[in-house]
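Colleague: Need coordinates for the below:
(chains A and B)
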Amino acid sequence: MNCKTTQKLMLQYIDGELNELLAGEVKGHISGCSECYQQFVRLSRIQGVIDAEKAECQFDPYLSARVLARLSHRNQPHSVLLSSRRYVLAVAFSVAAVFVGVLLGGFFSKVDINLMQIQSDNSIELLAEEYFPTTNDNFYDIPFNENDNENQ
Amino acid sequence: MDDSTLVRRIVDENDHKAFSEIMDKYQRMVMATCRGFVASHSEAQDLTQDVFIELYESLSGFRHESKLSTWIYRIAVNKSLNYLRKKKRESLFVSFGFGTKDRSELSPATHPIAAASAEPGFGLEELEMKAMLKNAMRKLPENQRIAFILSKYQDLSYREIAEVMEVSVASVESLLFRAKTNLRKFLIDSKK
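Modeller: Below is the predicted model:
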């Protein structure tokens, strides 16, 4: 048996899955080949690593209590109530925000209209004052002196 | 009390004592299966709890067509694979520059050497071997990995593995042969 075939069958040989004939051939090759022997030593340690990991999995007396606590926490009715209460609150806040927005919008638009009204009123008054002055301080008027008439 | 009676008591009467009995009976089996998939013992412990919670929630759908242990094995395998997929997505997310890189790089789930060094009671050589084995197992295709873990961590027969995986016995034989060939290749290549 050559190195390639031996190495291909190495893990099966370690796990005792080969028939007697093949196992004998692999064993014979390993004992005479240093490279394949190195691989054999290395791969033989896999089962040791797996066994060590399996040994870590000891019985945990508190596991069932922890799982049951998690289950009862999941099934608590108040959590459903809380979430529905949150939903109602979220909807109420949204409605209130829209309402406040509409109110503020209406208020500011009225202020704008009032300002425009005031501005137009002022301009009409100025125009009226220009054409129909209510006071005598119109600079288009020619100053009138009573003494001049008497002299003439 | 046998498994069928316990299951009926849980489903019909919501009997927590019966469920505790099932958990006590199968917890080591579940933990060892999860341990085969994940890199650290603490992750296997967390997954074991998740497996039993899913078992409790799905027991009403258990048809008694297969053994309860087969049903539990399937849940444990699916939970473990989903957990690994989620971790892989998270590490991808981090590798694209999102999230905290330092923590994920040293997380046992994504870095087998970090996980191995976090385990007590191992020498340096064992730690190296353990990390290399976990790395090699992660490279195996999913069905080969499942077959290998059920065989090595649970010592299940080909027939039992076939029942859990819902494939033929011949397929299990082929999966295990290919898993071992690939593992050997990965382990030897990683040393070169």
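
Colleague: going forward, measure contacts and count neighbours with C-alpha atoms only.
Modeller: Fine.

Colleague: Point me to the residue sitting closest to the centre of the chain.
Modeller: Picked chain A for this. Taking CA atoms, centre = their mean, the centroid of chain A lies closest to residue A:90, which sits 18.1 Å from it.

Colleague: try chain B instead
Modeller: residue B:34 (2.9 Å).

Colleague: Go ahead and confirm that one touches residue B:77.
Modeller: Yes: contact criterion CA atoms under 8 Å: residue B:34 and residue B:77 qualify, at 7.1 Å.

Colleague: Output the set of residues of chain A in proximity to chain B.
Modeller: By CA under 8 Å from any CA of the partner chain, the part of chain A that sits against chain B consists of A:8-9, A:11-12, A:39, A:43, A:45-46, A:49-51, A:53-54, A:56-61, A:63-68, A:71.

Colleague: and the residues you listed, which are buried?
Modeller: Neighbour counting with 16 or more other CA atoms under 10 Å in any protein chain shown marks A:8-9, A:11-12, A:39, A:43, A:45-46, A:49-50, A:53-54, A:57, A:63-64, A:67-68, A:71 as buried within these.

Colleague: Quick check: next helix or strand after the helix or strand hosting residue A:73?
Modeller: Per DSSP states H and E: residue A:73 is located in helix A:63-74. Using DSSP H and E, the helix or strand that follows helix A:63-74 towards the C-terminus is helix A:77-131.

Colleague: Report the angle between that next one and helix A:63-74.
Modeller: When axes from the mean of the first three to the mean of the last three CA atoms, to 10 degrees is applied, the directions of helix A:77-131 and helix A:63-74 differ by 40 degrees.

Colleague: For residue A:49, which residues are in contact?
Modeller: For residue A:49, the contacting residues are B:126, B:129, B:130, by CA atoms under 8 Å, 6 or more residues apart in numbering or on different chains.

Colleague: Show me what stretch A:13-26 is in contact with.
Modeller: By CA under 8 Å, 6+ apart, stretch A:13-26 touches A:1, A:6, A:9, A:10, A:12, A:44.

Colleague: My error: substitute stretch B:162-181 in the last question.
Modeller: So stretch B:162-181 is contacted by A:8-9, A:11-12, B:70-71, B:73-74, B:140, B:143-145, B:147-148, B:158-159, B:161 (CA under 8 Å, 6+ apart).

Colleague: Check residue B:68 and give its pLDDT.
Modeller: pLDDT for residue B:68: 94.

Colleague: residues near the nearest residue to it once chain neighbours are set aside, how many?
Modeller: Once flanking residues are discounted, residue B:68 sits nearest to residue B:3: 6.8 Å by CA to CA, 6 or more residues apart in numbering or on different chains. For residue B:3, the count of nearby residues is 16 (other CA atoms under 10 Å in any protein chain shown).

Colleague: measure residue B:3 to chain A for me?
Modeller: 17 Å (CA to the nearest CA, to the nearest Å).

Colleague: What's the separation between that residue and residue B:66?
Modeller: The span separating residue B:3 from residue B:66 equals 11 Å under the rule CA to CA, to the nearest Å.

Colleague: Residue A:91 now?
Modeller: The gap separating residue A:91 from residue B:66 is 48 Å, by CA to CA.

Colleague: what's the answer for residue B:153, then?
Modeller: In terms of CA to CA, residue B:153 sits 21 Å off from residue B:66.

Colleague: So which of the two has more stuff around it?
Modeller: residue B:153 (21 against 11).

Colleague: where does residue A:134 fall, helix, sheet strand or coil?
Modeller: coil (DSSP: H, G, I helix; E, B strand; the rest coil).

Colleague: do the same with residue B:156
Modeller: coil.

Colleague: What parts of chain B come near chain A?
Modeller: B:16, B:20, B:23-24, B:27-28, B:31-32, B:35, B:41, B:49, B:52-53, B:126, B:129-130, B:133, B:152-153, B:177, B:180-181, B:184, B:188.

Colleague: From the residues you listed, list the buried ones, please.
Modeller: Neighbour counting by 16+ other CA under 10 Å classes B:16, B:20, B:23-24, B:27-28, B:31-32, B:35, B:41, B:49, B:52, B:126, B:129-130, B:133, B:152-153, B:177, B:180-181, B:184, B:188 among the residues of chain B next to chain A as buried.

Colleague: Out of those, list just those in helices.
Modeller: Here DSSP state H is the test, and these give B:16, B:20, B:23-24, B:27-28, B:31-32, B:35, B:41, B:49, B:52, B:126, B:129-130, B:133, B:152, B:177, B:180-181, B:184, B:188 as lying in helices.

Colleague: What is the least confident helix or strand in chain B?
Modeller: The weakest-scoring helix or strand in chain B, judged by mean pLDDT, DSSP states H and E, is helix B:101-105 (a mean of 46).
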